[in-house]
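1. My questions are about this predicted structure, shown below with the sequence.
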Amino acid sequence: MESALTARDRVGVQDFVLLENFTSEAAFIENLRKRFKENLIYTYIGSVLVSVNPYKELEIYSKQNMERYRGVSFYEVSPHLYAIADNSYRSLRTERKDQCILISGESGAGKTEATKKILQYYAVTCPASQQVETVKDRLLQSNPVLEAFGNAKTLRNDNSSRFGKYMDVQFDYRGAPVGGHILNYLLEKSRVVHQNHGERNFHIFYQLLEGGEEDLLRRLGLEKSPQQYHYLVKGHCARVSSINDKNDWKVVRRALSIITFRVNDLLSIVASVLHLGNVQFAADEQGNAQVTTENQIKYLARLLAVEGSVLRDALIHKKIIAKGEELISPLNLEQAAYARDALAKAIYGRTFSWLVNKVNKSLAYKFPGWRSTTVLGLLDIYGFEVFQHNSFEQFCINYCNEKLQQLFIELTLKSEQEEYESEGIAWEPVQYFNNKIICDLVEEKFKGIISILDEECLRPGDATDTTFLEKLEETVKNHPHFLTHKLADQKTRKSLGREEFRLLHYAGEVTYSVAGKCVPRSLLHLLPFELKQLHYIAKTNLATQFKNSLSKLMEILMSKEPSYIRCIKPNDAKQADRFDEVLIRHQVKYLGLMENLRVRRAGFAYRRKYEVFLQRYKSLCPETWPTWDGRPHDGVAVLVKHLGYKQEEYKMGRTKIFIRFPKTLFATEDALEVRKQSLGESQAAAASWAVCLVMVLKIATWRVALIPTAPVFIFPFLRFIKGFIYRNHPRCPENEYFLDYIRFSFLMNLKRNLPKNVLDKSWPTPPPSLSEASQLLRQLCMQNMVWTYCKRISPEWKQQLEQKVIASEIFKGKKDNYPQSVPRLFINTRLGEQGLSRLDGRQLSRQLLLTQNAVIIAEDSKIKQRIDYANLTGEQSQTWGSAHCIVTSVIKNKQLVFVLDKNEIITESVCQFKIS
Ligand SMILES: Nc1ncnc2c1ncn2[C@@H]1O[C@H](COP(=O)(O)OP(=O)(O)OP(=O)(O)O)[C@@H](O)[C@H]1O
């Protein structure tokens, strides 16, 4: 915010909490517009980042820029994704608390790009090692695969994710990414069988046809042209200029082979979906459907490994249970087409879940039991959706957004309240709309919409969309957020169809169609074996599955510290530099941004630690400038009194000052600007003195004798020169001014050039009169850096350092390759605790009393029952097998063992075991 304050007149405010008129939507949008025009796409609401898709490449994602945000306090730099990423990462490391970043916004708003950029930030800035490189690669490689199977070209976005994604990245004690896990939500399966005009099916189909080698396509029975496949022509746009399917195929093919060995099986299933789409039916004399495309059945039978006749029968018949007996009845044309499409959707949906499982296996942390990891989750999930025609998918998406809004409000209010409490400031309750009432309407047991849908789908007898709607009307008719044609008044009724219901969401009202809410389950037995194994064979309906997975997601998110990125799409034409106000206002509303700002501003607009506040504004008060020796809290109290803050304008907490109105802060900032100018002038004057001094010193000393007669206006020079002449004398009136000046200059120089870390040995040369003080300062500075460093050392890292010290005592100067081994981290033992516990500890410890260093001989990673001991010097003669261990001194009642590889390299393995 500090940088925002300086730049506020030119580019609006970088933090909406500083908007004077914070309840005005127009002021909010104007601020966004001003900044967007200047390519400033990021703005904060407190710690929430609002991002507007620029639809053009901006030079703000370079490695240098990543470095700018690394380890820097949130408010010192301009708003950016990297600031959020870095802040979460630092909290994860310093507080060891799991984090999550929630990215939301409508289709095309930039969620996926933001997720990728955050992952890239971690890939570049986090510590690395070979294992970590592999995980990073896999994390990045999983993207093209999931995008191929889960993304599609839509009217709103050429690469639209058609599923919600939550990705956990696990970090080890050094802060290196060591594993990951993905949860997927609600894939838009209807796209497999139908696409709107101008849209495509999932990318993988086109990539396979366009890029697949001839042999492969022949094996799958596929032709190169997408026009040959019914499932690929519905949208009339198989080719898209912004997409290169052939190149994408190469990337996906490579990534797939890293993730799974079963690429051929996977592609067989993809191909089977295309063949299924080409299965056609004709009616016989009784009007019953018959398959007319035997060739497709032949391919399908091969690709899905099922009997052709079984498949054919299943596509044109249904099983019904009447009076406890199972009956087979034929389907008509429409029903058969419906069954075929349902099977295609089920196959694709399960394949997608199978693939996510495979990705997860490849990302799994390989040493789960070894060290605890911390987790950072990234949630890239669809924003609130409201279309002309809203189906079951919109219902689930909007329900998900209700839940996230509930979580957001709860956590924002909670953290505000907690901060007030910890600072000892009275909490003033904030009025806000609690959307729990809507969440309950959807999810409550027995009386919620999902329960009713469940009941209708599972009950025996003829459940139809109409019976479902009637049941809904009967159960929730008096709910203030629910309406149907029948329940509405005369005027509203016109806007509601008879097969629709309307929910009044926190973000506005949405009318949903009830058509097709119940999903058939008759063809599931045809799925390939592995796909059947996936846990959610339809015992419950989709809405319940979604509800359950959402409630798990909420649990996951609640257990972490959240950060938020709210993405906004500036126009529907995917064009740069176009700010469509109507569209943006719509999103500001649906993202709940005004409510968010209101809650954040309900109490105080600004709060800062006393140290930070004092450091910034201390020059505004003679008592705090240039330094304040007392407690920062008292310094701030003196400062704000001097500035004339009124009582209602601020509150003093335990560690922070809270300022209620932006205008108070702006007035202080303006005063600072004026002060900076006057300070700048006096510094310029000091600089010109220094130039003069050089000139004067060139003049012979005898001229100094003339000085007492010099005119008054050069008096500071004279004092300066006199001081220079007397500089090596003890402090006296002649050199007082000079010594103060050089002390000030040295300290300022030192402040700008302090060593960056404990290894940085640079230090400005002090003037002779300050050499002792400089020495003391240097020691203090080093102590401080060491202290800060030690404070940040995790227990695991401390243990590494201890082990490195012992390794150095044993091996340094004795093994040629010791120096190379130093930067390599020890990993846990290859021998395993169990292997070592089988050692005869008592015998070993007795022996160790005699010889401090002993060699245990082992072969590869399996320790032999026979153990030989020897002094380190006898090591070569004792070696057999390809590896052995060196047992060293006892630390904390535990024996430390180094494992040597082929008697040459000190491997990364180290292990401790208790002496019995
Ligand atoms: N920060 C950015 N810089 C440049 N272009 C961007 C940025 N963010 C998004 N875009 C552009 O906007 C397009 C859509 O973004 P993205 O796919 O991230 O949207 P989304 O919110 O994930 O949409 P969906 O919900 O449909 O998946 C991108 O393909 C890219 O062209």
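-> Received the coordinates, thanks. Residues are numbered from 1 along each chain as shown.
2. Look up which residues are beta-bridged to the residue positioned nearest the centre of the chain.
-> Nearest to the centroid of the C-alpha atoms of the chain, with distances taken as Cα atoms, centre = their mean, sits residue 378, at 3.8 Å. Under DSSP bridges, the beta-bridge partners of residue 378 are residue 101, residue 167.
3. ok, now how distant is it from residue 557?
-> 11 Å (Cβ to Cβ, to the nearest Å). The way it works is simple: take the backbone N, C-alpha and C, and place the C-beta from them, glycine included.
4. which neighbours do those two share?
-> Common neighbours of residue 378 and residue 557, using Cβ atoms under 8 Å, 6 or more residues apart in numbering, are residue 100.
5. In terms of secondary structure, what does the helix or strand encompassing residue 634 contact?
-> Element membership for residue 634, per DSSP states H and E: helix 632-643. The helices and strands touching helix 632-643, judged by 3 or more Cβ pairs under 8 Å, 6 or more residues apart in numbering; DSSP states H and E, are helix 610-617, strand 650-652.
6. Run me through the strand neighbours of the last one, direction for each.
-> Strand pairing for strand 650-652, using DSSP bridges, gives strand 656-659 (antiparallel).
7. Now the spatially closest residue to residue 70 that is not a sequence neighbour. Its backbone dihedrals?
-> Excluding its sequence neighbours, the residue lying closest to residue 70 (Cβ to Cβ, 6 or more residues apart in numbering) is residue 125, at 5.4 Å. Phi and psi for residue 125, reported as degrees, to the nearest 10, are phi -100, psi -10.
8. roughly how far apart are residue 125 and residue 675?
-> 36 Å.
9. For the two, indicate the residue with more neighbours.
-> residue 125 (19 against 15; other Cβ atoms under 10 Å).
10. which residues does the one residue in the stretch 301-450 of the chain that gets nearest to the ligand form a beta bridge with?
-> Nearest residue of the stretch 301-450 of the chain to the ligand, counting by Cβ to the nearest ligand atom: residue 382, 5.6 Å away. For residue 382, the beta-bridge partners are residue 105 (DSSP bridges).
11. Same question for residue 288.
-> In beta-bridge terms (that is, DSSP bridges), residue 288 pairs with residue 332.
12. Give me the neighbour count for it.
-> 18.
13. cool, and residue 626?
-> Residue 626: 10 neighbours (other Cβ under 10 Å).
14. just the one 5 residues further on next, same as before
-> Using other Cβ under 10 Å, residue 631 has 12 other residues around it.
15. What pLDDT is listed against residue 443?
-> With respect to pLDDT, residue 443 scores 92.
16. Wait, it touches residue 396, no?
-> No. Applying Cβ atoms under 8 Å, one finds residue 443 not in contact with residue 396, separated by 11.4 Å.
17. Which of these two has more residues huddled nearby?
-> residue 396 (23 against 20).
18. quick one: low-confidence parts of the stretch 1-150 of the chain?
-> Scanning the stretch 1-150 of the chain for pLDDT under 70 picks out 1-10, 75, 129-131.
19. do the same with the stretch 651-800 of the chain
-> For the stretch 651-800 of the chain, the ranges with pLDDT under 70 are 678-725.
20. re the thing from before, could you check the pLDDT of the residue nearest to the centre of the chain?
-> 95.
21. That one and residue 65: what is the separation?
-> Taking Cβ to Cβ, one finds residue 378 at 20 Å from residue 65.
22. Could you pull out the helices in the stretch 651-800 of the chain for me?
-> For the stretch 651-800 of the chain, the helices defined by DSSP state H, counting those that start in this stretch occupy 662-698, 715-725, 736-752, 771-792, 795-811.
23. how many neighbours does the nearest residue to residue 757 once chain neighbours are set aside have?
-> Excluding its sequence neighbours, the residue lying closest to residue 757 (Cβ to Cβ, 6+ apart) is residue 785, at 6.5 Å. For residue 785, the neighbour count with other Cβ under 10 Å is 17.
24. OK, contacts around residue 785?
-> With the criterion set at Cβ under 8 Å, 6+ apart, residue 785 makes contact with 755, 757-758.
25. ok, now residue 119?
-> 139-140, 143, 169, 378.
26. and which of those residues is nearest residue 269?
-> residue 143 (21.2 Å; Cβ to Cβ).
27. Distance check, the closest residue to the closest one other than its chain neighbours against the ligand.
-> Closest residue to residue 143 apart from its sequence neighbours, by Cβ to Cβ, 6+ apart: residue 116 at 6.5 Å. Distance, residue 116 to the ligand, by Cβ to the nearest ligand atom, to the nearest Å: 8 Å.
28. distance of the nearest residue to residue 796 once chain neighbours are set aside from the ligand?
-> Leaving aside its sequence neighbours, residue 796 sits nearest to residue 173 (Cβ to Cβ, 6+ apart; 3.8 Å). Distance, residue 173 to the ligand, by Cβ to the nearest ligand atom: 32 Å.
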